[in-house]
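> Task: produce atomic coordinates for the following.
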Amino acid sequence: MNGNRFPVRAGAVGLVLGLLACRPVFAIGWGELVILFVVIAFLLGPILLKLARAWSAFQESQKKKRD
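Sure thing, here's the model as predicted:
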């Protein structure tokens, strides 16, 4: 019975080793991280600022309704 499972194990091991060998390697330095952070902040900053202002205005309106 164990003899029948050997080809399956060998195939699985070969597949796993092949996938591990072909896995991409990402090498990102501090410069790239800073650029990425600046781009994300530039793109999402205005949206988040507008959302924060709207949330603050909403909280103020809810506070005025309670009083």
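> can you give me the helices in the chain?
2-21, 30-66 (DSSP state H).
> ok, how many other residues are close to G14?
Residues near G14, counting by other C-beta atoms under 10 Å, number 10. For glycine as for every other residue, the C-beta is placed from the backbone atoms N, C-alpha and C.
> mind checking how far G29 is from L36?
As judged by C-beta to C-beta, to the nearest Å, G29 and L36 stand 11 Å apart.
> Neighbour count for these two, which is higher?
More crowded of G29 and L36, by other C-beta under 10 Å: L36, with 11 against 7.
> Excluding chain neighbours, what is closest to the more buried one?
I28 (8.0 Å; C-beta to C-beta, 6 or more residues apart in numbering).
> what's G29 sitting at in phi/psi?
phi -100, psi -180 (degrees, to the nearest 10).
> hmm, I was thinking of I28
According to degrees, to the nearest 10, I28 has phi -120, psi 130.
> tally of neighbours for it?
With other C-beta under 10 Å as criterion, I28 counts 9.
> And R53, how close does it get to K65?
19 Å.
> Which one's more surrounded, these two?
R53 (10 against 7).
> That one: what's it in contact with?
Contacts for R53 (C-beta atoms under 8 Å, 6 or more residues apart in numbering) come out as none.
> Mind pulling up the pLDDT for it?
On the pLDDT scale, R53 is placed at 96.
> same check, this time on the one 4 residues further on
What the model reports for A57 is a pLDDT of 93.
> likewise G45?
92.
> Give the residue spans of this structure that score low on pLDDT.
Counting by pLDDT under 70, the chain contains low-confidence ranges at 1-6, 22-25.
> count of neighbours near L49?
Neighbour number of L49 under other C-beta under 10 Å is 10.
> Any figure for the gap between it and F26?
L49 sits 31 Å away from F26, going by C-beta to C-beta.
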